[in-house]
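Q: pasting a predicted model and its sequence here:
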Amino acid sequence: MTQSPTTEPTGAATSSTRLRSFSAGIRALVCGASGGIGAAFVRALATDARVAAVYAAARRPATLEYAQGLPCVTALPFDLTDEASIATLLARATADGPLQLVIVATGVLHDGDALRPEKSWRSLDAAALARAFAINTTGPALIAKYALGALARDGKSVFATLSARVGSIEDNRLGGWHAYRASKAALHMLVRNFALELRQRNPAALCVALHPGTVDTALSKPFQSAVEPSKLFTAEQSAAALLSVLDRLTPADSGRAWAWDGTPIPF
């Protein structure tokens, strides 16, 4: 993919769609629709002229009050840590046909005393590692297990999962944050594996990881004081930028991690 990177995500679309490379009538699934970025994806897709249906998946879909005024949005329940729940979600989301876009907008960096970004190997904890991998790696992988085969074959389709630049092994200069970095690095390996298999089964489809930048959500809240204001994005800015990136990607770009500005991130 060729693209000139911008200094920050744009806040609003300049036309009625950011998804010109997809066929009209897009059916999209967003997993993690109750989170800041997930909700922003749902809202952006629901107001896109090329999108016909958006399935907003969350642990408690009744909490998705923002979706009530969006006619094309269907709220569905799912549990990221329960494979049967994921299988049921995909069955419901594909009951009326295949999907052109699946976005996994889930992830965990900290969770009270149960999970904190480690500053040293001496802070490693087996339960914390297991939780990070369950949410950041295993959950998205199980969604892919049921979603990749449900991607449309009559045009461009994409499976995209949120990741993070700190999951890059090559780009790691600081260390620390062991559970988060390792679980995202493992996710990158899965994305590459899935993309290679997908290329044989559905050549027009893509499987990619996305880095949203530092977004003003609960995940980044404890660390925002160290972020320059110009580099702290709203969820709406990040989602809009990432949809534009997905629009420009081609099958040759599958199996890689892409940042919000369209630049590739080394694994």
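A: Good, I have the coordinates.

Q: now do the top helix by length along the chain: which elements does it pack against?
A: When the chain is parsed with DSSP state H, its longest helix is helix 178-201. With contacts defined as 3 or more Cβ pairs under 8 Å, 6 or more residues apart in numbering; DSSP states H and E, helix 178-201 has these neighbours: helix 126-133, helix 139-147, strand 157-162, strand 205-211. C-betas here are computed from N, CA, C, even on glycine.

Q: what's the mean pLDDT across it?
A: On average, the pLDDT along helix 178-201 is 97.

Q: with stretch 257-267 instead?
A: 95.

Q: the closest residue to Gly149 other than its chain neighbours and Leu124: what is the separation?
A: Spatial nearest neighbour of Gly149, excluding adjacent residues (Cβ to Cβ, 6 or more residues apart in numbering): Arg201 at 7.5 Å. Between Arg201 and Leu124 the distance is 38 Å, computed by Cβ to Cβ, to the nearest Å.

Q: before we move on, what about Val215?
A: Taken as Cβ to Cβ, the span from Val215 to Leu124 is 27 Å.

Q: also Ala75?
A: Ala75 is 38 Å from Leu124, by Cβ to Cβ.

Q: more neighbours: these two, which one.
A: Ala75 (21 against 11; other Cβ atoms under 10 Å).

Q: my guess is the more buried one contacts Leu29. True?
A: No - taking contacts as Cβ atoms under 8 Å, Ala75 lies outside contact range of Leu29: 11.7 Å.

Q: shared neighbours, those two?
A: Here Ala75 and Leu29 share the contacting residues Ala57, scored by Cβ atoms under 8 Å, 6 or more residues apart in numbering.

Q: how about the contacts made by the spatially closest residue to Ser183 that is not a sequence neighbour?
A: Distances taken as Cβ to Cβ, 6+ apart put Asn136 closest to Ser183, at 3.7 Å, once the chain neighbours are dropped. Going by Cβ under 8 Å, 6+ apart, Asn136 touches 106-108, 180, 183-184, 186-187.

Q: run the last query once more with 6 Å
A: Neighbour list for Asn136: 107, 183-184 [criterion: Cβ atoms under 6 Å, 6 or more residues apart in numbering].

Q: ramachandran angles for it?
A: Main-chain dihedrals, Asn136, degrees, to the nearest 10: phi -90, psi -20.

Q: likewise for Ala49?
A: phi -60, psi -20.

Q: number of nearby residues for it?
A: For Ala49, the neighbour count with other Cβ under 10 Å is 13.

Q: I'd like to know how far it sits from Asp79.
A: Ala49 is 33 Å from Asp79, by Cβ to Cβ.

Q: would you convert the helices and strands packed on helix 178-201 into CSV that also reports mean pLDDT, distance to Ser21 and mean neighbour count?
A: Formatted as CSV, those follow (pLDDT from 0 to 100; distance: least, Cβ to Cβ, whole Å; neighbours: other Cβ atoms under 10 Å):
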stretch, mean pLDDT, distance to Ser21, mean neighbour count
helix 126-133, 94, 33, 16
helix 139-147, 98, 19, 22
strand 157-162, 98, 10, 26
strand 205-211, 98, 11, 25
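
Q: out of these, nearest to Arg59?
A: Nearest to Arg59, of all those, is helix 139-147, at 11.4 Å by Cβ to Cβ.

Q: so, low pLDDT: which residues of this protein?
A: Applying pLDDT under 70 to the chain picks out residues 1-16, 217-231.

Q: show residues contacting the helix or strand where Val102 lies.
A: Assigned by DSSP states H and E, Val102 belongs to strand 101-104. With contact meaning Cβ under 6 Å, 6+ apart, strand 101-104 is reached by 26, 28-31, 41, 140, 143, 147, 158-161.

Q: again, but for stretch 140-149
A: 31, 83, 86-87, 90, 102, 104, 159, 161, 190, 194, 198.
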